[in-house]
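Q: Return atomic coordinates for the entry below.
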Amino acid sequence: MSSRTSLTKTVVAALHEALTFWMPIACAGCGLLDVGLCSGCRAALAAAPHRRRTEAGLAVTSAMEFSGVPARVLRALKEEGRTSLARALAPALGSVLAEVAGGGAVVTTVPSSRAAYRRRGYRPVDLLARRSGWTPVPLLRSVRTPRDQRGLDRAARRANVGGVFLSRPVGGRDVVLVDDVVTTGATLDDAARALRAAGAGRVIAVTLAHTPRRRGRGAGSYER
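A: Now for the predicted structure:
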């Protein structure tokens, strides 16, 4: 680990501790004071598997819908540094991973952008996978930085993330590709393309959440 990375993690942790001291804790799901996650919101994080295919035909299984309590809790994990929430989200993701990850399959994650990692000091998807009982293998890396996905329609999203990823050699093994949220599936499709180009056998995707399909513009951001 580089000294810069170590310093970043130390600073992020110190800021989080300071905010926790000076600001009252509230439930990430409903805002109830003096509890990190109330029992009702914890129950709302139960797995409700949803299956779909992307435009490129990639099979994606998601543990829950990205709305209401799950969306607020995931945002708190990603944008407020509340990493302890990964333990509450992990069971749903872990149940889906256990269902789809066959023997001998490699579990890997869609990498965060460099900007997102510098800002947070941690990778939310890797954290979720580890808390789910899986050790992801770092196969993918970004070879260019796409623009923010917010406000882009389906075609623009696909063009924006096309050719973003490069994979280490996979050697014919099946790969389970993990991400936090699937919107249009463009990011997952490009990651799967890179894995197949590196020799992967079957590629299937698992996400913690899926956004409800809507006509017109997609929602969300590339910065994971």
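Q: Could you check how far Gly199 is from Leu32?
A: According to Cβ to Cβ, to the nearest Å, Gly199 stands 49 Å off from Leu32. To be clear about C-beta, it is placed using only N, CA and C from the backbone, and glycine gets the same treatment.
Q: all strands of the chain, in order?
A: Assignment of strands within the chain using DSSP state E yields the ranges 50-53, 59-65, 106-109, 140-142, 165-167, 175-182, 203-210.
Q: what would those strands look like in a markdown table with mean pLDDT?
A: Listed next are these as a markdown table, based on pLDDT from 0 to 100:
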| stretch | mean pLDDT |
| --- | --- |
| strand 50-53 | 96 |
| strand 59-65 | 98 |
| strand 106-109 | 97 |
| strand 140-142 | 93 |
| strand 165-167 | 95 |
| strand 175-182 | 97 |
| strand 203-210 | 98 |
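Q: Could you export those strands as JSON lines, including distance to Leu188 and mean neighbour count?
A: Below are the strands of the chain laid out as JSON lines (distance: least, Cβ to Cβ, whole Å; neighbours: other Cβ atoms under 10 Å):
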{"stretch": "strand 50-53", "distance to Leu188": "11", "mean neighbour count": "13"}
{"stretch": "strand 59-65", "distance to Leu188": "6", "mean neighbour count": "21"}
{"stretch": "strand 106-109", "distance to Leu188": "11", "mean neighbour count": "22"}
{"stretch": "strand 140-142", "distance to Leu188": "11", "mean neighbour count": "18"}
{"stretch": "strand 165-167", "distance to Leu188": "10", "mean neighbour count": "19"}
{"stretch": "strand 175-182", "distance to Leu188": "6", "mean neighbour count": "24"}
{"stretch": "strand 203-210", "distance to Leu188": "5", "mean neighbour count": "24"}
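Q: mind checking which of the ones you listed is nearest Arg87?
A: Arg87 lies closest to strand 203-210 among the strands of the chain, at 13.1 Å (Cβ to Cβ).
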